[in-house]
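Engineer: Whatever this is, show me its structure:
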Amino acid sequence: MSSNNPIVLGPNNSNLPKIFSIIADGEINEAIKHEDPCTKRLANVVRQVQTSGGLWTECISQLSADQQGAIQELLNSA
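Structural biologist: Numbers count the residues shown, from 1 in each chain. Now for the predicted structure:
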């Protein structure tokens, strides 16, 4: 993901909303440990998408309110 692999991201980043959903569910289910260095990498990927405006909106709009909150929690903690 962090290397922008087109196989992972899908054509035109079409897999990103699903990836965000998985990250959010990991946060909700406490599978993401905040002391783990991987958590910071996940947050950095989310931040990278956050700077791209329309793509960020597309990803976030497909998440439930709980998932959106989980993404925000991840960003606040990492």
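
Engineer: Look up how far Leu55 lies from the residue sitting nearest the centre point of the chain.
Structural biologist: Among the residues of the chain, Phe20 comes closest to the average C-alpha position under C-alpha atoms, centre = their mean, at 3.7 Å. The gap separating Phe20 from Leu55 is 10 Å, by C-beta to C-beta, to the nearest Å. C-beta here means a position set from N, CA and C on the backbone, and glycine is covered the same way.

Engineer: Please identify every residue contacting each of those two.
Structural biologist: Contact criterion C-beta atoms under 8 Å, 6 or more residues apart in numbering; residues bridging Phe20 and Leu55 by contacting each: Val49.

Engineer: about what we covered before: grab the nearest non-local neighbour of the residue nearest to the centre of the chain.
Structural biologist: Spatial nearest neighbour of Phe20, excluding adjacent residues (C-beta to C-beta, 6 or more residues apart in numbering): Cys59 at 4.6 Å.

Engineer: Hmm, Leu16 and the one you found touching each other?
Structural biologist: Yes. Cys59 is within contact range of Leu16, at 5.2 Å (criterion: C-beta atoms under 8 Å).

Engineer: Going by neighbour count, which residues in stretch 52-71 are buried?
Structural biologist: 55-56, 58-60, 63, 67-68, 70-71 (16 or more other C-beta atoms under 10 Å).

Engineer: could you give the mean pLDDT of that stretch?
Structural biologist: Per-residue pLDDT over stretch 52-71 has a mean of 94.

Engineer: before we move on, back to that, nearest to Asn44, of the buried residues of stretch 52-71?
Structural biologist: Nearest to Asn44 among these, counting by C-beta to C-beta, is Ile71 at 13.0 Å.
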